[in-house]
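Asker: just coords:
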């Protein structure tokens, strides 16, 4: 079934304790779309600057991403740079240049307004809402967000939250949004804000999903050689939504399996810089790791 | 099948952000034995001082613990006091008084030397080794330890580690013991030191067990109201070993289930001060939570 993502495309400069890479193709919608494209056709709505490399658009198309909704605006592509400390869980943002993102007004192409599965990747709540209102009758919509919007655009964020089926948050974001330190309580408080499901990611400690009819928890896939955690959350969401769209299902049984596919997609993502590990990824490789994780969690 | 634990009995003074309790019955062997006694008969070898309250010995016996191996020595019972910060994962030790523990020479009663399941609860590696050598042919032995022994008695600890089937460690201890920050690598390095299995506990983030023929990971049982985390690790081990002893099995399938029973036993432990929540615990209550956790982790 049709899957649409709205979010950012970026050039990232990433420093880890082992290496540094400049102007790597990144952005929330990029990671999501390439991750999801391993499962189902996906359309991307976003904006890039005139400096966006032709090869990167071709890379997205080559991955099976419909880029008709990627607008090329005057100016430079959104840029983010950050550094990871020895502990991968600590990330320092060094610089953010909004560039063309500052005036982004998302336009969902007519052909994509009937999309049944919709992911509002990390972007301002205003952009998320504008995009959401252009999709006619999505069967299942999930949103992401970040500390910046929780801090500075709380009301707008809460307005979007009331209109989606699910939200995906990391532990820090869930605590910021709700003021609850205990993650089970935090997840319960998020459900009180409107969505039917909350997916809570804990990095190397796994993730859980909670809703009125569902509580499922999963450890992370054991990765020994993390290279670059950038995009882990977005590619998790990509595997999660990609699986649901491919199945045309979002019942609790499908959501449980989607948690594994999200986990597996993210586990590949972090093993290389940028989207490198995702573009070469095939469904058989994903399913091999799926079976391995299933074995690890089966009582 | 017969289960024996060797370790400490203590009076703990515990401060949390909500309350403070003085001279609460505690100790590694106490928590283990009461936890394990919900599953199988358990014998305890340890030492207390002349100040040990008769009521506490009766409490152990009432819980089904064979206390013939509890020696009453001249002097005062071992004392520990500590404080938990708002984040339950941070514990500060305020004071440790070894008292009768300083000269403890464990003596396993003749009737208990044929015990088939043996747990060397947290105590000095010297005490652990002395006890281990008195048990004739245990089918399955697991040990615990702590940062103090990893730092100051490393060689003695490694000597015990070569003689046991399994070790249970928390994340911090596994990193200290191996120098590996990544917990999967740390677990692999521990296996290189001798034991067949390593159980790695991550507090609210769950636990995993690794061995040549087993890799199983489990999230924690979701507890919203933690009252006192003291003894969580020991009662985890109690549920784990108690289940194995009750089944007379320690194959990979039994170890997977034992991880759930350990998790459940610990989840009750932390919901009250000291052993309060464990003494009132019945097998039906445990099994109810077991079924709930099974539901949460089943794909």
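Answerer: Cool, the structure landed. These numbers were taken from a predicted model, which means no experiment stands behind them.
Asker: Could you find the closest non-adjacent residue to the residue most central in space within chain A?
Answerer: Note on chain A: the residue nearest the mean C-alpha position is residue A:234, at 2.4 Å, using Cα atoms, centre = their mean. Distance criterion Cβ to Cβ, 6 or more residues apart in numbering or on different chains; nearest residue to residue A:234, sequence neighbours excluded, is residue A:31 at 3.5 Å. Just so you know, the C-beta spots here come from the backbone N, C-alpha and C atoms, and that holds for glycine as well.
Asker: Hmm, the one you found is touching residue A:235, no?
Answerer: Yes: counting by Cβ atoms under 8 Å, residue A:31 does reach residue A:235; the two are 4.8 Å apart.
Asker: overlap in contacts of the two?
Answerer: A:269, A:278 (Cβ atoms under 8 Å, 6 or more residues apart in numbering or on different chains).
Asker: pLDDT (mean, whole number) over the helix or strand containing the residue nearest to the centre of chain A?
Answerer: According to DSSP states H and E, residue A:234 maps onto helix A:232-247. What helix A:232-247 shows for mean pLDDT is 98.
Asker: name the helices or strands packed onto the helix or strand just after it?
Answerer: For helix A:232-247, the succeeding helix or strand toward the C-terminus, using DSSP H and E, is helix A:252-269. Using 3 or more Cβ pairs under 8 Å, 6 or more residues apart in numbering or on different chains; DSSP states H and E, the elements in contact with helix A:252-269 are helix A:28-36, strand A:197-201, strand A:207-211, strand A:214-218, helix A:232-247, helix A:276-279, helix A:283-297.
Asker: Do the last one and chain B come into contact?
Answerer: Yes: part of helix A:283-297 sits near chain B under the criterion Cβ under 8 Å from any Cβ of the partner chain, namely A:294, A:295, A:296, A:297.
Asker: surely the last one meets residue A:219?
Answerer: Yes: with contact defined as Cβ under 8 Å, residue A:297 counts as touching residue A:219 (6.6 Å).
Asker: Now do the shared contacts for those two.
Answerer: What both residue A:297 and residue A:219 touch, as defined by Cβ under 8 Å, 6+ apart, is the set B:217, B:218.
Asker: picking up where we left off before, which ones are touching the residue nearest to the centre of chain A?
Answerer: Residue A:234 neighbours (Cβ under 8 Å, 6+ apart): A:7, A:28, A:29, A:30, A:31, A:32, A:35, A:121, A:122, A:144.
Asker: Residue A:204 belongs to a strand?
Answerer: No: read with DSSP: H, G, I helix; E, B strand; the rest coil, residue A:204 is helix and lies in no strand.
Asker: Quick check: pLDDT value at it.
Answerer: On pLDDT, residue A:204 comes in at 89.
Asker: I'd like to know how many residues surround it.
Answerer: 21 (other Cβ atoms under 10 Å in any protein chain shown).
Asker: One more: the one 5 residues further on?
Answerer: Neighbours of residue A:209 under the rule other Cβ under 10 Å: 24.
Asker: I'd like to know how far it sits from residue B:257.
Answerer: Taking Cβ to Cβ, to the nearest Å as the measure, residue A:209 falls 24 Å from residue B:257.
Asker: Please identify the residues of the stretch 51-200 of chain A in proximity to chain B?
Answerer: Counting by Cβ under 8 Å from any Cβ, the residues of the stretch 51-200 of chain A close to chain B are A:86, A:87, A:181, A:182, A:183, A:184, A:185.
Asker: Just the closest of the residues you listed to chain B, please.
Answerer: Nearest to chain B among these is residue A:184, at 4.3 Å by Cβ to the nearest Cβ.
Asker: show me the contacts for that closest one.
Answerer: A:210, B:222, B:223, B:224.
Asker: Those residues in strands, which ones?
Answerer: Using DSSP state E, the subset of the contacts of residue A:184 located in strands is residue A:210.
Asker: Just the buried ones from the contacts of residue A:184?
Answerer: Buried residues within the contacts of residue A:184, counting neighbours by 16 or more other Cβ atoms under 10 Å in any protein chain shown: A:210, B:222, B:223.
Asker: Let me know the distance separating the nearest residue to the last one once chain neighbours are set aside from residue A:6.
Answerer: When you say that, I think you mean residue B:223. Leaving aside its chain neighbours, residue B:223 sits nearest to residue B:267 (5.2 Å; criterion: Cβ to Cβ, 6+ apart). Distance, residue B:267 to residue A:6, by Cβ to Cβ: 40 Å.
Asker: circling back: dump the residue contacts of the residue nearest to residue A:234.
Answerer: Contacts for residue A:31 (Cβ under 8 Å, 6+ apart) come out as A:230, A:231, A:234, A:235, A:238, A:269, A:275, A:278.
Asker: The helix holding residue A:234 vs helix A:283-297, what angle?
Answerer: 100 degrees (axes from the mean of the first three to the mean of the last three Cα atoms, to 10 degrees).
Asker: So what's the gap between helix A:232-247 and the chain middle?
Answerer: Remark: helix A:232-247 is offset 8 Å from the chain centroid, using Cα atoms, centre = their mean, to the nearest Å.
Asker: again, but for stretch A:164-173
Answerer: The chain centre lies 10 Å from the centre of stretch A:164-173; the measure is Cα atoms, centre = their mean.
Asker: Tell me which residues of it come out buried.
Answerer: Across stretch A:164-173, burial judged by 16+ other Cβ under 10 Å covers A:164, A:165, A:166, A:167, A:168, A:169, A:170, A:171, A:173.
Asker: how far away is the last one from chain B?
Answerer: In this view, residue A:173 and chain B are 17 Å apart by Cβ to the nearest Cβ, to the nearest Å.
Asker: From residue A:149, how far off is that residue?
Answerer: Distance of residue A:173 to residue A:149, computed by Cβ to Cβ: 9 Å.
Asker: can you check the third one too?
Answerer: Taking Cβ to Cβ as the criterion, residue A:166 is separated from residue A:149 by 17 Å.
Asker: quick one: contacts for residue A:32?
Answerer: Contacts for residue A:32 (Cβ under 8 Å, 6+ apart) come out as A:5, A:7, A:42, A:119, A:121, A:234, A:235, A:237, A:238, A:241.
Asker: now do residue A:109
Answerer: A:43, A:45, A:68, A:69.
Asker: Check the secondary structure at the second one for me.
Answerer: This means residue A:45. Per three-state DSSP, residue A:45 ends up strand.
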